[in-house]
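Colleague: What would the 3D arrangement of this be:
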Amino acid sequence: MSATSAWADAVRGVAERAGLDPRQVTVEGAGIETNQSDTAGYRAEAGHLTIRATDAVAASVALARYVRDNLGTRLTWQRARVSASPLPDAPPTTVSSPHEVRYYLNVVTFGYSTPFWGWDRWEREVDWMALHGITHPLMLVAHEAVLAETFRRAGLPDAEAARWLGGAAHFPWTFMGGMHSFGGPLPARWAERRVDLARRILDRMRELGMTPVLPAFGGHVPPALAGPGPDDDPADDHPAGEIEWQGWRIPLLHPESRRFRELFATFAQVQRELLGPGSGHYAVDPYIESVPPSGDVEYLRAAGRGTYRALAAADPDAVWVLQGWPFHYKGAFWTPDRVAAYLRDVPVDRTLVLDLWGEHVPLHTALLADGAPLAGRPWVWCALHNFGGRPALFGDLRGLVRDTHALPDGVPHLHGIGLAPEAIENNEVFYELATDLAWDDAPRSPTELDRWLDRFVLDRYGLTGELRANLAQTALRAWHTIYSTLHGEGRTRSVPTPVIARPWSAGLPFPAQRSAGEAIGNVPPTPSSDIDAENDPAVAAALPRLDRAVRQLTEVRDNLPESLPSSASSSAPDPVANPARDLLSADIAELAGHVLAQGTRAHVRGILAAARAGDPDGVRTHMSRLRADLLRLDDLAGARPETRLSTWVDAARAWGDTDAERDAMEREARSLVSVWGGQHNGLHDYSGRHWQGLVRDLYLPRWQAWADWLADAAAHGPVPPDTDPAPLHERVVALEETWRARTRSGTR
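Modeller: Reported below is the predicted structural model:
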């Protein structure tokens, strides 16, 4: 079998899983050998589709373009299949990308979205990647199994390694050196099952010609492995340091120490044994959100040099993929001389720098332009988006077009663009536009973006043809409202949902709620925080318009047929459910949830105003209104499986073989979307969601506890802002801990 025919079969597999008959699809190599762009084209005649491409990913993009332009459907997370209707003719069409690298995923996506996925869901995601042109996906599945075996070979007892690695959903932060020993224990067969899953994912990625970015060893170790080895001379070795994150302290080996080199080599060997050969691209970020043990430039230079040398010893062709995030998040530490020193001894062509939050805080001009600390290094512009997976419709679409079109203005060595979302499966319009922008048929101006958006809406809901012209106009009016408000200029951060704000005192909780979700307290906000614009008139002013958009989309849905006739080529003789109605229902629920949630601010203010007036009955009246709206929100979320807590919990429990294992996995799942970690950290509700089971059983009781506390205090007169909150704290913490410890089998 030729190399081309092998990846051609892989692309036909993508087509089949998308609902097309693979017998009607031919995939051929384009005969173009160039590293400057990926190119693909298609044509369809007499019911047969022919795709010619330079590689499998480009061929998959051409497949997606054919489906979009000729079947009137976008293949997205929410609609991954089309009906198997006869393939219409299409003239020769080509598409190409100037971007060698099209990067995807964030380390924490493996906590906020994917930790409990099985092969069925991962298979769909890899198909999504191919159809959207992804070349370099981050792949962390089974990294904990590699680390556990590495530590075992270094002499650490299995039980101690298991304790250190902690639970499944929080493991990405262990990988980044942010935390340890939280959650778990993992099921007995976890490593075996995860390694099997990782192999399947990597095999599919390789079949499709992707370059998986695998993790490398960053030097974070349990204390027992932090000291010199038995054969080391402590006087000649570099002592381990320590970093801190959110109250966790993590030993960090010096990258030029013998212990680091040995463990790195062991890690690389174990990873090859368990997961097969690497792709040459490795993610290593020892200081994601932590300050290095020393700010001395020579220390930092040695740290970068040692990391690269260990990586190159394990794979001579290795490219070090590192995030620019620390240089923003800890910008006070990472002065230009320190940034330059860190990579001074690392070959320029052996790094790939991710400008991780390009749509909000781009770093490429300050770091990568000529004369900047990292000048000359290859880099990738990335959109971060979607912190913690919290409910939010947002994303500056015009800004996305403007920023990507301007690249690489003034900054050479751009190798690509990418997406590094903290969580996925929402805001599909943002992700569809972002991936389209990597190709030459993307919108390049506001006018072209307007046309793109109109086509996105019509394809999404199947509103083509004269018979649906009125419905199309109604849908477009709704989306114009959404586009000009939630996806308007400057909306690079979500509007925080007041529902998940933690009531913690006799004052409004919103000003102490970052849009990233964590409580601020008396600590100045970090550069990535964005205080909730409680008095932002645009947020409140948009709600009546958005409520009207909900009604408009509801009108469109209710006037579409509930089912479609099966196609002549379909094996199903009966009508099939109309997917456009499902998409409309999902969009309506998300938009209505936003309107409903933002409206609860008035009830919270009413509760507090009544408490200030010493009116306990008023407190209870406003709380009853808040309760009614929260119950409505819970019911709204319950109509869709993807916004039910039970869906998340079911996926987690499926990894356990015993009740005890299933309960441990459920506690882990519950923890991430509520308290997050321990009560000591500042990440409460960072990953809060508008999910049925969270709203009714956690957020509502928490608000009720607050209102009850204020009503009791108001019975004795006006409640001042400095009222001692200790009784409230005790009640809220008890509610949170009881909720996250709850399990389906009833064990604790």
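Colleague: what ranges do the helices span in the stretch 251-400 of the chain?
Modeller: For the stretch 251-400 of the chain, the helices defined by DSSP state H, counting those that start in this stretch cover 258-275, 297-314, 325-329, 336-342, 364-367, 397-406.
Colleague: Please convert these to a markdown table, extending it with distance to residue 740 and mean pLDDT.
Modeller: For glycine as for every other residue, the C-beta is placed from the backbone atoms N, C-alpha and C. Putting those into a markdown table (distance: least, Cβ to Cβ, whole Å; pLDDT from 0 to 100) gives the following:
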| stretch | distance to residue 740 | mean pLDDT |
| --- | --- | --- |
| helix 258-275 | 32 | 98 |
| helix 297-314 | 37 | 98 |
| helix 325-329 | 27 | 93 |
| helix 336-342 | 38 | 98 |
| helix 364-367 | 40 | 94 |
| helix 397-406 | 36 | 96 |
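Colleague: Which of these sits closest to residue 170?
Modeller: helix 325-329 (18.6 Å; Cβ to Cβ).
Colleague: For stretch 70-78, the averaged confidence score.
Modeller: Here stretch 70-78 scores 95 as its mean pLDDT.
Colleague: From one end of stretch 361-368 to the other, what's the distance?
Modeller: Distance between the two ends of stretch 361-368: 14 Å, counting by Cα to Cα, to the nearest Å.
Colleague: whoops, I mixed them up, stretch 491-506
Modeller: OK, stretch 491-506 end separation, Cα to Cα: 31 Å.
Colleague: ok now that stretch, how far from the chain's centre?
Modeller: Distance, stretch centre to chain centre, for stretch 491-506: 19 Å (Cα atoms, centre = their mean, to the nearest Å).
Colleague: Give the residue farthest from the middle of the chain.
Modeller: residue 716 (47.7 Å; Cα atoms, centre = their mean).
Colleague: Please read off the pLDDT at that residue from the model.
Modeller: In this model, residue 716 carries a pLDDT of 97.
Colleague: For it, give its distance to residue 722.
Modeller: Relative to residue 722, residue 716 is positioned 15 Å away (Cβ to Cβ, to the nearest Å).
Colleague: and the helices of the stretch 251-400 of the chain, which is most packed in?
Modeller: helix 325-329 (a mean of 23; mean count of other Cβ atoms under 10 Å).
Colleague: For stretch 724-737, give the mean pLDDT please.
Modeller: Here the average pLDDT along stretch 724-737 is 97.
Colleague: By mean pLDDT, which helix or strand of this protein comes out lowest?
Modeller: Using mean pLDDT, DSSP states H and E, strand 576-577 stands out as the lowest-scoring helix or strand of the chain, at a mean of 79.
Colleague: Find me the pLDDT at residue 230, would you?
Modeller: 69.
Colleague: And for residue 562?
Modeller: The per-residue pLDDT reported for residue 562 equals 88.
Colleague: And it, how close does it get to residue 575?
Modeller: Counting by Cβ to Cβ, the gap from residue 562 to residue 575 is 9 Å.
Colleague: Residue 52 now?
Modeller: With Cβ to Cβ as the criterion, residue 52 and residue 575 are 36 Å apart.
Colleague: again with residue 401
Modeller: In this structure, residue 401 and residue 575 are 39 Å apart, going by Cβ to Cβ.
Colleague: What segments of the stretch 301-450 of the chain are strands?
Modeller: 319-323, 351-355, 379-383, 414-419 (DSSP state E, counting those that start in this stretch).
Colleague: Quick one: closest of these to residue 664.
Modeller: Of all the strands of the stretch 301-450 of the chain, strand 319-323 sits nearest to residue 664, with 30.9 Å by Cβ to Cβ.
Colleague: what about residue 466, how many neighbours?
Modeller: 7 (other Cβ atoms under 10 Å).
Colleague: could you measure it against residue 71, distance?
Modeller: In terms of Cβ to Cβ, residue 466 sits 18 Å off from residue 71.
Colleague: how about stretch 341-348: buried residues?
Modeller: In terms of neighbour count (16 or more other Cβ atoms under 10 Å), stretch 341-348 has its buried residues at 341-343, 346.
Colleague: try stretch 425-445
Modeller: For stretch 425-445, by 16+ other Cβ under 10 Å, it's 425-439, 441-443.
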